[in-house]
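Asker: from the sequence below, what's the structure:
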Amino acid sequence: MSDLKVRMRDFIIAHEMTHLLESKHNEKFKGYMDQFMPDWKQRKGGLDRAAAAI
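Answerer: Residues are numbered from 1 along each chain as shown. Below you'll find the predicted structure:
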């Protein structure tokens, strides 16, 4: 599995697990993501770009 795929997979897992603590994409959710995965915004951008290319 490529590093990019691993980074996207890890982002998706962290994102979904964070929903166990906060159901909405609000500031509390973003705060948890900042704690669990400080580079989550960059990873999300990569996932968004990959999805747009499909």
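Asker: C-alpha only now, for contacts and for neighbours.
Answerer: Fine.
Asker: in the helix ranked longest in the chain, what's buried?
Answerer: If you go by DSSP state H, the chain has its longest helix at helix 3-18. Residues of helix 3-18 classed as buried: R7, M8, F11, I12, A14, H15, T18 (neighbour count, 16 or more other Cα atoms under 10 Å).
Asker: got the angle between whichever helix or strand comes after it and helix 3-18?
Answerer: Downstream of helix 3-18, the first helix or strand assigned by DSSP states H and E is helix 27-36. Angle, helix 27-36 to helix 3-18, by axes from the mean of the first three to the mean of the last three Cα atoms, to 10 degrees: 130 degrees.
Asker: and the one residue sitting closest to the centre of the chain, what does it touch?
Answerer: For the chain, the residue nearest the mean C-alpha position is F11 (3.5 Å; Cα atoms, centre = their mean). Listed by Cα atoms under 8 Å, 6 or more residues apart in numbering, the contact partners of F11 are M37, W40, R43, K44.
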